[in-house]
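Undergrad: Provided below for reference: sequence and predicted model.
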Amino acid sequence: MVRIAALLSLLWVVACDSGPAPPGADGGVDLSIFPIAPGMKWTYRVTSGSGEVAEKVQTVTGTIAYEGKAAFRFETQRVGLKEAVSIQAVEGDRVVRLEEWNYENQALVERDKYVPSGVRVDRSKITAGDTYQDQHDKEILDEQGNVITKKRVIYNFFVEAGAELVEVPAGRLPCVRVRREEVGKDSSKTYWYSRGIGKVKESGGQTEELMKLER
């Protein structure tokens, strides 16, 4: 398990820098705001809008080749049951979703594909005032991979803070705060990312707070 407290002083220093630390800094530790490697496992406390609390675990289970791209396989479990499988990749500075499978009671209920890809976060945008945009088609597929329907999605991202201390069960961590708004909808989410750790907190609909990170 990552010793999160031991990283705090180093993370705080690099969070205040004007530019991102290169992957492999500090003895091979990836100090981007969203490091990804097989075996990484984030555990979150999830609080629903009605106040119900549960644990969610997201694990990078390995790497795969997806339509000619090198990608990572993420698996999410809640209460010990598989909730989603997500195929994600790193394109330049951006972490993107390529495809996602959603489950209920272990049964596949929806398969989504993002064309060309759906941006999760831009790891180079770490300064308050930075903005970026994501445009993609979200395709709903049947079990054979045929397109049932699709819709155009546009997200605007706003970096609201570059070094904000956030208190979560894992500790008090320096974070980049990013707000995401969907164009044409009254829909907004806010994410907090910490260097060398990844997503620390998420709000909007439900609240997710990091409990621990294992490697």
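TA: In hand now; what should we look at?

Undergrad: And the host helix or strand of residue 173, how far out from the chain middle?
TA: Element membership of residue 173, judged by DSSP states H and E, is strand 171-182. Distance of strand 171-182 from the chain centroid (C-alpha atoms, centre = their mean, to the nearest Å) equals 11 Å.

Undergrad: Sort out which residues of it are buried, please.
TA: 171, 173, 174, 175, 176, 177, 178, 179, 180, 181 (16 or more other C-beta atoms under 10 Å). (C-beta placed from N, C-alpha, C; glycine too.)

Undergrad: how close does the fourth one get to residue 160?
TA: Distance, residue 175 to residue 160, by C-beta to C-beta, to the nearest Å: 11 Å.

Undergrad: Now stretch 116-131: average pLDDT?
TA: The pLDDT scores in stretch 116-131 average 98.

Undergrad: swap that for stretch 172-182, please
TA: Mean predicted lDDT for stretch 172-182 stands at 98.

Undergrad: May I have it exported as CSV, CA atoms only?
TA: Provided in CSV are the C-alpha atoms of stretch 172-182 (Å, rounded to 0.1, in the frame of the first residue of the first chain):
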residue,chain,number,x,y,z
ARG,A,172,-5.0,15.8,3.9
LEU,A,173,-3.8,16.0,0.3
PRO,A,174,-2.8,18.8,-2.1
CYS,A,175,-5.0,18.7,-5.1
VAL,A,176,-5.8,20.2,-8.5
ARG,A,177,-9.6,20.9,-8.6
VAL,A,178,-11.3,20.5,-11.9
ARG,A,179,-15.0,21.2,-12.7
ARG,A,180,-16.6,19.5,-15.7
GLU,A,181,-19.8,20.9,-17.3
GLU,A,182,-21.8,19.2,-20.0
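
Undergrad: Can you list the neighbours in contact with that stretch?
TA: Residues outside stretch 172-182 that contact it (C-beta atoms under 8 Å, 6 or more residues apart in numbering): 4, 8, 11-12, 15-16, 33, 121, 125-126, 153-166, 187-195, 197, 200-201, 210.

Undergrad: And for stretch 34-49?
TA: 23, 29-30, 53-63, 72, 78, 88, 90, 95, 120-121, 123, 169, 193, 196-199, 205-215.

Undergrad: Identify those among the residues you listed that sit within strands.
TA: 53-63, 72, 78, 88, 90, 95, 120-121, 193, 198-199, 207-214 (DSSP state E).

Undergrad: List only those of the residues you listed flagged as buried.
TA: Buried among the ones in strands among the contacts of stretch 34-49 by 16+ other C-beta under 10 Å: 56-60, 72, 78, 88, 90, 95, 120-121, 193, 198-199, 207-211, 213.

Undergrad: The strand holding residue 173 pairs with which strands, and in what direction?
TA: Sheet pairing of strand 171-182 (DSSP bridges) gives strand 147-168 (antiparallel), strand 188-194 (antiparallel).

Undergrad: Just confirm residue 151 contacts residue 135, I think it does.
TA: No. Between residue 151 and residue 135 there is no contact under C-beta atoms under 8 Å: 11.8 Å.
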